[in-house]
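> any chance you could fold what I've pasted below:
(chains A, B, C and D)
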2 protein chains.
Amino acid sequence: MKSGGRARGYAGTLQSQRVTNADVARAAGVSSMTVSRVVNGNGRVSDETRERVRRAIEELGYQPNQLARSLTQGRTRTIGIVVPDITNPFFPEIVRGAEDAAWEAGYTVALANAVEDQARERAALRNLAGHRVDGVVHCSPRLPDHELAELLTSHTAAVLINRHAGPAPAVSLMVDDPLGADIAVKHLIGAGRTRLVHLGGPTRSASAGYRRSGFLAAAKSAGLPVDSELLLNCEPTEEAGYAAVSHLLSSSKREFDGLVAYNDLGALGAINAIKHAGLRVPDDVAVIGCDDIRIASLISPSLTTLRIEKYRMGHLAIQTIFELQRGGQPTDVTFKPELIVRESAP
Amino acid sequence: MKSGGRARGYAGTLQSQRVTNADVARAAGVSSMTVSRVVNGNGRVSDETRERVRRAIEELGYQPNQLARSLTQGRTRTIGIVVPDITNPFFPEIVRGAEDAAWEAGYTVALANAVEDQARERAALRNLAGHRVDGVVHCSPRLPDHELAELLTSHTAAVLINRHAGPAPAVSLMVDDPLGADIAVKHLIGAGRTRLVHLGGPTRSASAGYRRSGFLAAAKSAGLPVDSELLLNCEPTEEAGYAAVSHLLSSSKREFDGLVAYNDLGALGAINAIKHAGLRVPDDVAVIGCDDIRIASLISPSLTTLRIEKYRMGHLAIQTIFELQRGGQPTDVTFKPELIVRESAP
DNA sequence: GCGTTTTGTGTTAGCGGTAACTCCGCGCTT
DNA sequence: AAGCGCGGAGTTACCGCTAACACAAAACGC
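Presented below is the predicted three-dimensional model:
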């Protein structure tokens, strides 16, 4: 990086003084109440006056102050979204779905990254509450149950993604992890694989827990022995997956022919580690991921994975917030994962 | 997707009545001004009183209303970020960098997707202005110069990423596209490639324009003839890149041995199209992308590409906003791309 | 023609904070 | 003893907007 270009003064930008309701009123020769009525389209205003006000608004470039509006109306038309890390490709689609839904309803989205750091996650939730967001969508919360519950009580509406609400006053949008694990394990067994590795996610992630127990249950019900040394845990990244599987391969316990990963990123790391060790995917080890992020279909071998409807989850999350605002009692929703068979586990 | 789970009443969540400044004051037996002073840590308050107020805040779970605060102070401690599409892997890193920088300073981020739709981009900018964000970071704006300039005047501070400000009152953070194109073209020539395709981005994207002219200039200075039929344009997605290159391959003009893409996603599509046509990368066609998104190193063949420091751009964007707030005159900054040589163009 | 509604608009009072000023009492000069 | 400075509060007004009520003029009913 290097600096270049020219300096830019800002004198011209500092709006001499923000145009207010009252300015418009003065210009149009009416009271500010009338302006408010025109802007919000409620109350009675004669056509003639409305036109005059409209023109004044136009000329002055009046832009209602949402802060003041929110203060009187008791709602901000803003919704907070908390994600562990927006650079994890699982989340942008959720956020996009959420933003689209919010947008359709004239709402704004405030985004916070928890950064796999409980303190920041906590602070983010508090901060959003301070900003009086009308609701929060919290993706894959890492906070312990009781703390999460307490923090959510200061929000008017909350939706959790990938986490049971437990004691928390929230609606949950879940993925059917046991089902997903069952599908994955059965698929591998169907392909003749019998020694399976489970590459799990971070232990503080609830969904990592759900997926691991789903894996164990599925293996058990299929009559497959599970070697505890083949149960790994790592951060949800390619690097961590690579490291974990490399380590396993370099140990004595390198005999396995199938691997189920917590997420696609980890699966990618696993595949690279396996290749690096001179083994082939899927010939020596078949790999199944989870999430179906974009990249899954683009790598080679392309990744067999459990597809999760991320966009729809995000979209539904916002609509659920709205439903809560209306006083409705939306129920938890569980999304069924779908196995997308590609090359890594045909 | 299927519905399940239990209904959740919200009776317990609706905070009976939000705790205000005045409530705390009453509980502590002081005036609300004193509460304010304790919260903000300014003004004089005796240790004893401070302690009393602290306790009251704690007990009541008081959370200052940022709206009211913003209204009196004339700033929101919120910054808006507009991106074309958060699901394009180029942007999450920028957003993450920005959010981290904002976070460090106690700021909140409001996110808007322009969705490759000018109307929505416009509306997003207006909406953020209505929310009185203290500044906007606008990534790859697609709006025409004059309109962009006008919309930005209603913001107190603006930083553009990947776009020259032109008449707009904003600071720009740019990538040195001519340099990047030059590096890419020279690299291909160095590898003996002489017939190059340029897979450009959307025509309404400014950076697409910069990169195309950079490509043309580089080719010219290298004495390479440029066939206009080898100059393509497409949306910045894998699908579009695939389609564009497939189309080219199925036409008569299929003789080319190198390709420079507007972005990595397009490059991926191109590679898949080339493979699909029975050709090999890099043997028959060498491909160079741009951005160095995560996936670039994970696919096969791994992608040679121009690395852009996305996180740092996002981080710097926010710091530049702060600098503008302080009345500074930050200059435009140009980031130098770095060629990361991988398998697709060794 | 005189109440009664309807219509169009203004007035008032906050929403929850904080800036700016005021006020009181005490110790310290001189 | 009068004056001053200062620590530690409280008062007032206002940020920009809107809910709720008030009220005059016009339209209506019989």
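> which residues touch the helix or strand that A:T72 is a member of?
A:T72 belongs to helix A:66-73 when assigned by DSSP states H and E. Residues from elsewhere that reach helix A:66-73 (C-beta atoms under 8 Å, 6 or more residues apart in numbering or on different chains): A:76-78, A:132, B:65, B:67-68, B:70-71, B:76, B:130-132. C-beta coordinates here come from the backbone N, C-alpha and C atoms, glycine included.
> in those, find the pair that's most separated.
B:N65 and B:G130 (18.6 Å; C-beta to C-beta).
> in the stretch 151-300 of chain A, which segments are predicted with low confidence?
A:252-254 (pLDDT under 70).
> tell me which stretches of it form strands.
A:158-161, A:171-175, A:196-200, A:231-233, A:258-261, A:286-291 (DSSP state E, counting those that start in this stretch).
> can you tell me the strand partners of the helix or strand just after the last one and which way each runs?
In other words, strand A:286-291. Following strand A:286-291 in sequence order, the next helix or strand is strand A:304-307 (DSSP H and E). Its sheet considered, strand A:304-307 pairs with strand A:286-291 (parallel), strand A:338-340 (antiparallel) by DSSP bridges.
> for A:I299, which of those strands is the nearest?
strand A:286-291 (10.2 Å).
> and the closest one, how far out from the chain's middle?
How far strand A:286-291 lies from its chain's middle: 20 Å, per C-alpha atoms, centre = their mean, to the nearest Å.
> and what of stretch A:237-245?
So, by C-alpha atoms, centre = their mean, the centroid of stretch A:237-245 is 22 Å from its chain's centroid.
> what comes up buried for it?
A:237-238, A:240-245 (16 or more other C-beta atoms under 10 Å in any protein chain shown).
> quick one: A:V137 from chain B, how far?
For A:V137, the distance to chain B equals 12 Å [C-beta to the nearest C-beta, to the nearest Å].
> give me the element that residue is part of.
strand A:135-139.
> residues in contact with that strand?
The contact list for strand A:135-139 (C-beta under 8 Å, 6+ apart) reads A:79-84, A:91, A:94, A:98, A:125, A:128, A:148, A:152, A:155-163, A:170, A:314, A:317-318, A:321, A:324-325.
> mind checking which of those residues are buried?
Here, 16+ other C-beta under 10 Å leaves A:79-84, A:91, A:94, A:98, A:125, A:128, A:148, A:152, A:155-163, A:170, A:314, A:317-318, A:321, A:324 buried among those.
> now, which of those lie within helices?
Here DSSP state H is the test, and the buried ones among the contacts of strand A:135-139 give A:91, A:94, A:98, A:125, A:128, A:148, A:152, A:314, A:317-318, A:321, A:324 as lying in helices.
> export the residues you listed as JSON lines, with columns for distance to B:P330.
As requested, these are exported to JSON lines (distance: C-beta to C-beta, whole Å):
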{"residue": "A:F91", "distance to B:P330": "31"}
{"residue": "A:I94", "distance to B:P330": "34"}
{"residue": "A:A98", "distance to B:P330": "32"}
{"residue": "A:L125", "distance to B:P330": "33"}
{"residue": "A:L128", "distance to B:P330": "29"}
{"residue": "A:L148", "distance to B:P330": "40"}
{"residue": "A:L152", "distance to B:P330": "39"}
{"residue": "A:G314", "distance to B:P330": "35"}
{"residue": "A:A317", "distance to B:P330": "37"}
{"residue": "A:I318", "distance to B:P330": "36"}
{"residue": "A:I321", "distance to B:P330": "38"}
{"residue": "A:L324", "distance to B:P330": "43"}
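> next, the angle strand A:171-175 makes with the strand holding A:V137.
30 degrees (axes from the mean of the first three to the mean of the last three C-alpha atoms, to 10 degrees).
> spit out the contact partners of the residue in the stretch 151-300 of chain A that DNA strand C sits nearest to.
At 12.2 Å from DNA strand C, A:S154 is the closest residue in the stretch 151-300 of chain A, using C-beta to the nearest atom of the strand. Applying C-beta under 8 Å, 6+ apart, we find A:S154 in contact with A:125-126, A:129, B:15, B:61, B:63.
> good, wrapping up.
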